[in-house]
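[1] Compute the structure for the input listed below.
(one chain, ligands or ions: 2)
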Amino acid sequence: MISAYSGTAVRATEKPLLDAGQGHALMQKAAYGLYAGTVRELQSRRGSLYGARVTVLAGAGNNGGDALYAAARLAGRGAGISAVLTSDSAHPGALAEFRRRGGRTLSLSNDIDACLRLCTTADVVLDGILGTGGKGGLRGPAALLAQTLAAAEHRPLVIACDLPSGVDADTGETPGDHVTADLTVTFGAVKTGLMAGPGALAAGRIECVDIGLGNIPAPALRRLEPTDLAALLPVPRSTDHKYTRGVLGIAAGSVTYPGAAVLATGAALSTGLGMVRYLGPEPVGRLINSVHPEAVCGTGSVPDTQVQAWVAGPGAGTDEHQRQRALDAMASGLPAVVDADAIAYAQPGLGPQVVLTPHAGELTALLSRLGEDVSRSRIEADPLRFARRAAALTGATVLLKGWATLAAAPTGETFSQAEATPWLATAGSGDTLAGILGALLATDRWNHDAGQAPVPGHYAALAAAAASLHGRSGTLAAQAGPVEPSRLPAAIRTVIRTLQDARNAGVAIPVV
Ligand SMILES: NC(=O)C1=CN([C@@H]2O[C@H](COP(=O)(O)OP(=O)(O)OC[C@H]3O[C@@H](n4cnc5c(N)ncnc54)[C@H](O)[C@@H]3O)[C@@H](O)[C@H]2O)[C@@H](O)CC1
Ligand SMILES: [K+]
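    Ligands and ions are numbered 1, 2, ... in the order given. Below you'll find the predicted structure:
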């Protein structure tokens, strides 16, 4: 599990150490981590560091200090080092060390063209303009630096020091121009802003360096890793039969949109459960059975159907019966995925076992119905805040789809998963995610071990597991070309098999 903390929390944890005079030691550890991360990245990309042209973008603060010290170490391994000083001042000790190692410096305010050239002709750019002390986006010539880097024909490898400059460490917002990194080497703890919103996209791969900060109170955000995912996936016990393995009710699809029901059913079956009971129009049931003969299809009502969890909404359109089933599923007290058209029926007072699965547009409509007028672009700028807001207002768990998908519990626990491929952004993809999550809810052991209340955030963890499994399956399927959601079930089975085999063998789980 990766835990992320706000920049504010990390700074508060650092403060007593800085007050006790440990600032220099901490900076050396951070700089060494950045140096080592850069060496590993360069060795894997070009075999050697010798002769690599490294340009540091150094701001006035400690973030610039870290980057300058790291570059000074790289000079010792044969790299050519230069720095663009983006402010009138720079960390004095780090600048002195950088120059002592032969580094040359240019000032952005004096010679902007030469500075831009230094960036675009570098092999590696170390971004140390702003760290956790940054407020607002990059401004003036520093903004131009970021734009030039982003548009460069031969883009250098960009490694962010602690976080990409211009990203808000607390929220992942990018209020103005910002650096986009291939790799972020972050210090002490992963910052929330690297796993949420536009910041998650700007961060690239994340490496965290332990600099001995000790414990930071409660993480703001968590991310399931393969081992966590494997532990949440259903494995049948030898005493199980089809009813105890988990029965999922699916009230999805309509005569207008029958395909959504087929996709949700296929994804649920591939995730592994005892049975799918489908409720919906007869022609849709027949279509499902032509593809999945094992699904038990009917036209009945939710209260009359014995299941352990529900999926309602995908492809339901304006079908009145499906609307009623969605309302009944939400009122049933059972875990329920409420997706697509059914999200419009969500009201305050739902429990955490109800998982709403909006994209930003659907969340805009939901919040507006709940009396909060927020634009879609505002939600996309700060999805963490609005996923949590919707969870608090409805009492439900909210899975907000995006580049980094967020799963927020009404009590605040939040997960972020970023395994998805852009190839998954296609019609039908959400239906498969709903099916996967439905299967995880139906097979969830809390459902079956009577008398135990799930821990707060439990349903958010399951929603995150579904997003992770969906993303990994999409990424695997994309290896064979553009992803059709109907091809996902095969990939889901392969991903689950890989995760479980590795878990059973006690070996490191490969990232699929
Ligand atoms: N103090 C230490 O010993 C440690 C510092 N660390 C590093 O220090 C960083 C935080 O350092 P600082 O607190 O000095 O803060 P930063 O280095 O993030 O920047 C602060 C400076 O930037 C200016 N600034 C803020 N927003 C700006 C904007 N939008 N445009 C232009 N200038 C802006 C501020 O006025 C201030 O001069 C961390 O991100 C991390 O990299 C860590 O390595 C841990 C140890
Ligand atoms: K930075």
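[2] in the stretch 351-500 of the chain, which spans are strands?
    354-356, 397-400, 405-408, 414-417 (DSSP state E, counting those that start in this stretch).
[3] helices and strands around the shortest one, which ones?
    Translated: strand 354-356. Strand 354-356 is packed against strand 336-338, helix 383-394, strand 397-400, helix 458-478, with contacts defined by 3 or more CB pairs under 8 Å, 6 or more residues apart in numbering; DSSP states H and E. The way it works is simple: take the backbone N, C-alpha and C, and place the C-beta from them, glycine included.
[4] Output the ones you listed in JSON lines, with mean pLDDT and mean neighbour count appended to each entry.
    As requested, the helices and strands packed on strand 354-356 are exported to JSON lines (pLDDT from 0 to 100; neighbours: other CB atoms under 10 Å):
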{"stretch": "strand 336-338", "mean pLDDT": "98", "mean neighbour count": "32"}
{"stretch": "helix 383-394", "mean pLDDT": "98", "mean neighbour count": "24"}
{"stretch": "strand 397-400", "mean pLDDT": "98", "mean neighbour count": "32"}
{"stretch": "helix 458-478", "mean pLDDT": "96", "mean neighbour count": "26"}
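[5] on that earlier part again, nearest to ligand 2, out of the strands of the stretch 351-500 of the chain?
    In terms of CB to the ion, the element of the strands of the stretch 351-500 of the chain nearest to ligand 2 is strand 414-417, at 20.2 Å.
[6] mind checking how far that closest one is from the chain centre?
    6 Å (CA atoms, centre = their mean, to the nearest Å).
[7] now swap in stretch 265-280 and tell me
    Relative to its chain's centre, stretch 265-280 lies at 26 Å (CA atoms, centre = their mean).
[8] what about it, how long is it end to end?
    Start-to-end span of stretch 265-280 (CA to CA, to the nearest Å) is 12 Å.
[9] In CSV: the helices and strands packed on strand 354-356, plus distance to Ser165.
    Converted to CSV, these look like this (distance: least, CB to CB, whole Å):
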stretch, distance to Ser165
strand 336-338, 39
helix 383-394, 20
strand 397-400, 26
helix 458-478, 28
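[10] Which one of these lies nearest to Ala25?
    helix 383-394 (32.6 Å; CB to CB).
[11] List of residues touching the closest one?
    With CB atoms under 8 Å, 6 or more residues apart in numbering as the contact definition, helix 383-394 has outside contacts at 171-172, 192, 196-197, 221, 346-350, 354, 356, 358, 360, 363, 366-367, 370, 372, 374, 378-379, 396-398, 400, 402, 404, 406-410, 412, 414, 416.
[12] For it, C-alpha coordinates in CSV please.
    In CSV, the C-alpha atoms belonging to helix 383-394 read as follows (Å, rounded to 0.1, in the frame of the first residue of the first chain):
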residue,chain,number,x,y,z
PRO,A,383,-11.2,15.8,-8.2
LEU,A,384,-10.1,14.8,-4.7
ARG,A,385,-12.1,17.5,-3.1
PHE,A,386,-15.3,16.9,-5.0
ALA,A,387,-15.2,13.1,-4.8
ARG,A,388,-15.1,13.6,-1.0
ARG,A,389,-17.7,16.2,-1.1
ALA,A,390,-20.1,13.9,-3.0
ALA,A,391,-19.4,11.1,-0.6
ALA,A,392,-20.1,13.3,2.4
LEU,A,393,-23.3,14.7,0.9
THR,A,394,-24.8,11.3,-0.1
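[13] Report the distance from it to the chain centre.
    Mean C-alpha position of helix 383-394 versus that of the full chain (CA atoms, centre = their mean) differs by 16 Å.
[14] what angle sits between it and helix 458-478?
    130 degrees (axes from the mean of the first three to the mean of the last three CA atoms, to 10 degrees).
[15] Give me the domain ranges for this structure.
    The chain is divided into the following domains under automatic domain parsing: 2-223, 226-444+457-505.
[16] So which of those is nearest ligand 2?
    Across the domains of the chain, ligand 2 has its closest neighbour in domain 2-223 (4.2 Å, CB to the ion).
[17] and the end-to-end length of the closest one?
    Using CA to CA, the end-to-end distance of domain 2-223 comes to 5 Å.
[18] Looks like Ala420 contacts Ala467 (just checking).
    Yes - with contact defined as CB atoms under 8 Å, Ala420 counts as touching Ala467 (7.5 Å).
[19] which residues do the two both contact?
    Here Ala420 and Ala467 have Thr405 as joint contacts, going by CB under 8 Å, 6+ apart.
[20] ok, which residues in the stretch 1-150 of the chain are in contact with ligand 2?
    Selection of the stretch 1-150 of the chain residues close to ligand 2 by CB under 5 Å from the ion yields Asp127.
[21] please redo it, this time with the cut-off set to 6 Å
    Applying CB under 6 Å from the ion, we find that the stretch 1-150 of the chain lies next to ligand 2 at 63, 127-131.
[22] Also within reach of ligand 1: list those from the residues you listed.
    Near ligand 1, judged by CB under 6 Å from any ligand atom, the entries from those are 63, 130-131.
[23] what about Leu269, neighbour count?
    Using other CB atoms under 10 Å as the criterion, Leu269 is surrounded by 21 other residues.
[24] Which helix runs longest in this structure?
    Longest helix in the chain, counting residues (DSSP state H): helix 23-46.
[25] got a list of contacts for the helix or strand just after that one?
    Going down the chain from helix 23-46, the next helix or strand is strand 53-58, by DSSP states H and E. Here strand 53-58 makes contact (CB under 8 Å, 6+ apart) with 38, 64-65, 67-68, 70-71, 74, 79-86, 90-91, 94-95, 98, 103, 118-119, 121-129, 142, 145, 156, 165, 179.
[26] Just those residues: which are in helices?
    Among the contacts of strand 53-58, the members falling in helices are 38, 64-65, 67-68, 70-71, 74, 94-95, 98, 118-119, 142, 145 (criterion: DSSP H).
[27] just the buried members of these?
    38, 64-65, 67-68, 70-71, 74, 94-95, 98, 118-119, 142, 145 (16 or more other CB atoms under 10 Å).
[28] Of these, which ones also sit close to ligand 1?
    Within those, those near ligand 1 by CB under 6 Å from any ligand atom are Gly64.
[29] Identify the farthest-apart pair in the buried ones among the ones in helices among the contacts of strand 53-58.
    Farthest pair in these, by CB to CB: Leu74 and Ala142, 22.4 Å.
[30] Tabulate the helices and strands packed on strand 354-356 (JSON lines), appending distance to ligand 2.
    Output for those, formatted as JSON lines (distance: least, CB to the ion, whole Å):
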{"stretch": "strand 336-338", "distance to ligand 2": "39"}
{"stretch": "helix 383-394", "distance to ligand 2": "20"}
{"stretch": "strand 397-400", "distance to ligand 2": "27"}
{"stretch": "helix 458-478", "distance to ligand 2": "27"}
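[31] closest one to Ser3 among the ones you listed?
    Set against Ser3 and scored by CB to CB, these come closest in helix 458-478, at 13.0 Å.
[32] Where does the stretch 151-300 of the chain get nearest to ligand 1, residue-wise?
    Nearest residue of the stretch 151-300 of the chain to ligand 1, counting by CB to the nearest ligand atom: Asp162, 3.6 Å away.
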